[in-house]
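Asker: Generate coordinates for the sequence data below:
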Amino acid sequence: MRQDVQENQVAELTDAGRLLVISHMPLAYAMAWRMKDCGVSLEDLQQEGCLGLCEAAMRYDEESGCRFATYAAHWCRKMMLQAIHSNRTTDSLQEETLRKQEQEDDEDLLRTGQQQRIDDALQCLTQQERQVVTQFYGFGCEPLNLTEIASSLGFSKMRASTIHHQALRKLKAALQKHPLEDYLTP
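Answerer: The predicted structure is shown next:
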């Protein structure tokens, strides 16, 4: 697309304007060379400098008392700085996207590790204890209260509460061997 803009600007130039652009190309190239370490390729900076020369040639008024090289330097610099700014904005967005993706990947990895630890800890429980704990905390289902769990498993509320407390003691002992906080600290 930038090539189309350049071609349109060159097409609008008069013969005198084209001569000005061609004769001042070394100026644009020298300016691009000085800015080459700003994150944009030298070729792109040179192209932006040429666009600046074209813009300057179209706007230049010989009666202004200003040399064309001085006037053109402003437009070349402006075009190059816009390209550098645009590149930095794009780079910043890409870096931010990468940073967010890495953070999400880290969180997913952390969740996977935690889920594996919880699954391993649940293996130390009896079938009844596992059912009460998974239903109470909503692992893979909607969390239920002890009354709902007791009625679904055919227990009294007191029996469901006792099983729940036994399961929590077993889980606490199992998780103390390898605390979940180990996964939460960097």
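
Asker: Please count neighbours and contacts with C-alpha atoms only from this point.
Answerer: Will do.

Asker: burial measure for the closest residue to residue 69 other than its chain neighbours, as a count.
Answerer: Nearest in space to residue 69, with sequence neighbours left out and distances taken as CA to CA, 6 or more residues apart in numbering, is residue 24 at 7.1 Å. By the criterion of other CA atoms under 10 Å, residue 24 has 17 neighbours.

Asker: pLDDT value on residue 24, please?
Answerer: Residue 24 carries a pLDDT score of 88 in this model.

Asker: cool, and residue 119?
Answerer: On the pLDDT scale, residue 119 gets 78.

Asker: Now do the helix or strand containing it: distance to the chain's middle.
Answerer: When elements are defined using DSSP states H and E, residue 119 is found to belong to helix 68-122. Centroid separation for helix 68-122 versus its chain: 4 Å, with CA atoms, centre = their mean, to the nearest Å.

Asker: For residue 170, what are phi and psi?
Answerer: phi -60, psi -40 (degrees, to the nearest 10).

Asker: list the contacts for it?
Answerer: Residues in contact with residue 170 (CA atoms under 8 Å, 6 or more residues apart in numbering) are 124, 125.

Asker: any idea how far it lies from residue 147?
Answerer: 22 Å (CA to CA, to the nearest Å).

Asker: again with residue 88
Answerer: Taking CA to CA, one finds residue 88 at 60 Å from residue 147.

Asker: any idea how far residue 86 is from the residue of the chain most remote from its centre?
Answerer: Here the centre of the chain is the reference, and by CA atoms, centre = their mean the most remote residue is residue 156, at 52.6 Å. The gap separating residue 156 from residue 86 is 68 Å, by CA to CA.

Asker: again, but for residue 93
Answerer: For residue 93, the distance to residue 86 - CA to CA - is 11 Å.

Asker: Which strands or helices does the helix holding residue 119 pack on?
Answerer: helix 25-34, helix 42-59, helix 157-177, helix 181-184 (3 or more CA pairs under 8 Å, 6 or more residues apart in numbering; DSSP states H and E).

Asker: repeat that for 6 Å
Answerer: helix 42-59 (3 or more CA pairs under 6 Å, 6 or more residues apart in numbering; DSSP states H and E).

Asker: Let me know the average pLDDT across the helix it packs on.
Answerer: Here the average pLDDT along helix 42-59 is 90.

Asker: which other residues reach it?
Answerer: Helix 42-59 is contacted by residues 6, 17, 21, 28, 29, 32, 36, 72, 75, 76, 79, 80 when judged by CA atoms under 6 Å, 6 or more residues apart in numbering.

Asker: Show me which pair in those residues is furthest apart.
Answerer: 17 and 36 (26.7 Å; CA to CA).

Asker: These two: which is more packed in?
Answerer: Counting neighbours by other CA under 10 Å for residue 17 and for residue 36 shows that residue 17 has the greater number, 20 against 17.
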